[in-house]
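Undergrad: Pasting a predicted model and its sequence here:
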Amino acid sequence: SCDWAVGLIMETIARVVGTAIVCITAVFNYLTDVFLTQPLKATIQHLEETDLTTLSGENRSLKAKSLWESSGAVIMAEAAELSSLKSQLDQLGVPLYAVVKEDVGTEVLNFQPFFNGDIFLDAKRRFYGPRERSMGLLAFLRVGVWTNGLRAFRNGFIGNVSGEGFILGGVYVLGPGEQGVILEHREIEFGDKVNVLEVLNAVGRIQRELVSLEER
């Protein structure tokens, strides 16, 4: 009976601590959300004229619209979590690209093992706008930032402390031609993952509308 009582006490303490953590997390998230700049939706007109620079092989410049104008594309700005979808997207004929805001030190080199695809530099950070958002030091008050950072560290991804490290990125699913922006996910905190199923559903829309156009 003593063991039962101890077990009950420990379970009660665990529940109280768990509830307290949830409450504290909610309070800190609310306080930081108040000071976080809200995103503006990016239009296809804003994105397509972005000047990108290749970061592998011979450096060359291109307009961003060339990445999706024929087959659509999924473009991730600082979101390595989507790399696992690359083989599925390749089978669907929709490429996955990565965009970074700067090329400082070995940052891109460190990122390449986590993404087997083309990486482009967006020096004017248009894929981080049209209203650029930064968390600043408030990020350290969010439990999600710490847990996301720990997960990334365990997966072997290590960032650096150089450059613009506080700017929030996002993920775009862009359709060919006039289809435009099908899905736009903007980070609310560092490491905020897009819903993979939503990405695949958005890519499915590309496929369905392409078939519809071919049948006309």
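TA: Everything's here; your move.

Undergrad: buried residues in stretch 122-135?
TA: 122, 125, 126, 127, 128, 129, 133, 135 (16 or more other Cβ atoms under 10 Å). Quick note: C-beta positions are derived from backbone N, CA and C, even for glycine.

Undergrad: In terms of helices and strands, where is residue 75?
TA: Here residue 75 sits within strand 73-77, counting by DSSP states H and E.

Undergrad: May I see the buried residues of the helix or strand that that strand is followed by?
TA: Using DSSP H and E, the helix or strand that follows strand 73-77 in sequence is helix 86-92. By 16+ other Cβ under 10 Å, the buried positions in helix 86-92 come out as 89, 92.

Undergrad: Helix 86-92: what's the following helix or strand?
TA: Toward the C-terminus, helix 86-92 is succeeded by strand 96-100 as the next helix or strand (DSSP H and E).

Undergrad: What strands flank that next one, and is each parallel or antiparallel?
TA: Note on strand 96-100: by DSSP bridges, its sheet partners are strand 73-77 (parallel), strand 119-121 (parallel).

Undergrad: quick one: which of those strands is nearest residue 199?
TA: strand 73-77 (6.4 Å; Cβ to Cβ).

Undergrad: which ones are touching the residue nearest to residue 74 when sequence neighbours are not counted?
TA: Once flanking residues are discounted, residue 74 sits nearest to residue 96: 4.8 Å by Cβ to Cβ, 6 or more residues apart in numbering. Contacts for residue 96 were tallied using Cβ atoms under 8 Å, 6 or more residues apart in numbering; they are 73, 74, 75, 76, 82, 83, 85, 86, 89, 90, 117.

Undergrad: Brilliant, that's me finished.
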